[in-house]
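1. Task: produce atomic coordinates for the following.
(2 chains)
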Amino acid sequence: EPEVTQTPSHQVTQMGQEVILRCVPISNHLYFYWYRQILGQKVEFLVSFYNNEISEKSEIFDDQFSVERPDGSNFTLKIRSTKLEDSAMYFCASTVEGGADYGYTFGSGTRLTVV
Amino acid sequence: AQSVSQHNHHVILSEAASLELGCNYSYGGTVNLFWYVQYPGQHLQLLLKYFSGDPLVKGIKGFEAEFIKSKFSFNLRKPSVQWSDTAEYFCAVNARTGFQKLVFGTGTRLLVSP
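-> Have a look, this model is predicted:
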């Protein structure tokens, strides 16, 4: 069964450092998403991406965040200057159609710890 | 904007007990409804989804859910749980039109004791 692959699985970084979280969506999927889950809290939407541009972003997704699909296969989330409150599990997801008739496929997540 | 409520935050059951996890959503338009499961240390996996048609939806591993439009509910059920069902369960919703994000509930942590 096709998978969404995320790397690294764990990342520890110092406050103020830049991090890049990587995702390889399923090859024929067209819509890409980042979600995050702070420990003990619900999964929150960050951003959706289609046709090489952001289609929607949440209030969480401020100027410190950016997304990119640099080479047609990877889908990255960059946090420019990490804060302690960015510590969370970050999930990438993709789907064939944005209306999710085929369902979203999630990656296994990257646990980001900011110290 | 959509919102999802899961009222049970922690549920503890013995094996073979029946399970029902509540999910209510708030949205004025037509929605798609989902239940995801997250086993310890693993990613979110789709259990079942409802888009249209029969409001009783059957998913993997013996789970089912019933969409009751008048109650804005999509409760998850399983007649007889197993120890391997220990996991966190998330209800989610998205709007039917366009490329709409999933909105998740806060999750229910289920512990099944052998």
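2. Could you pull out the buried residues of stretch B:106-114?
-> Neighbour-count burial for stretch B:106-114, counted by 16 or more other Cβ atoms under 10 Å in any protein chain shown, picks out B:106-108, B:110, B:112. In this view, the C-beta of every residue, glycine as well, is placed from N, C-alpha and C.
3. which SS state does the residue nearest to the spatial centre of chain B fall under?
-> In chain B, the C-alpha nearest the mean C-alpha coordinate belongs to residue B:35, at 3.3 Å (Cα atoms, centre = their mean). Look at residue B:35: counting by DSSP: H, G, I helix; E, B strand; the rest coil, its state is strand.
4. For it, give me the pLDDT.
-> Per-residue pLDDT puts residue B:35 at 96.
5. Around chain B, pick out the residues from chain A.
-> Selection of chain A residues close to chain B by Cβ under 8 Å from any Cβ of the partner chain yields A:31, A:33, A:35, A:41-45, A:48, A:50, A:55-56, A:58, A:91, A:93, A:97-101, A:103-109.
6. now, which of those residues lie within strands?
-> In strands, defined here by DSSP state E, the members of the residues of chain A next to chain B are A:31, A:33, A:35, A:43-45, A:48, A:50, A:55-56, A:91, A:93, A:105-106.
7. Any quick ChimeraX command for the buried ones out of those?
-> To isolate the buried members of these in ChimeraX, using 16+ other Cβ under 10 Å:
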select /A:31,33,35,43,44,45,48,55,56,91,93,105,106
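8. can you redo the ones in strands among the residues of chain A next to chain B as TSV with distance to residue B:8?
-> Putting those into TSV (distance: Cβ to Cβ, whole Å) gives the following:
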residue	distance to residue B:8
A:31	31
A:33	27
A:35	22
A:43	17
A:44	20
A:45	23
A:48	29
A:50	35
A:55	33
A:56	30
A:91	23
A:93	25
A:105	27
A:106	22
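9. circling back to that earlier point, also near chain A: which of the buried residues of stretch B:106-114, exactly?
-> Restricting the buried residues of stretch B:106-114 to those near chain A - Cβ under 8 Å from any Cβ - leaves B:106-107.
10. Okay, now the unreliable bits of chain A?
-> Residues of chain A meeting the criterion pLDDT under 70: A:97-102.
11. And the residue nearest the centre of it?
-> Short answer for chain A (Cα atoms, centre = their mean): residue A:34, at 3.1 Å.
12. partner residues bridging that residue?
-> Assessed by DSSP bridges, residue A:34 has beta-bridge partners residue A:47, residue A:92.
13. Report the contact partners of it.
-> A:21, A:23, A:46-47, A:67, A:77, A:90-93 (Cβ atoms under 8 Å, 6 or more residues apart in numbering or on different chains).
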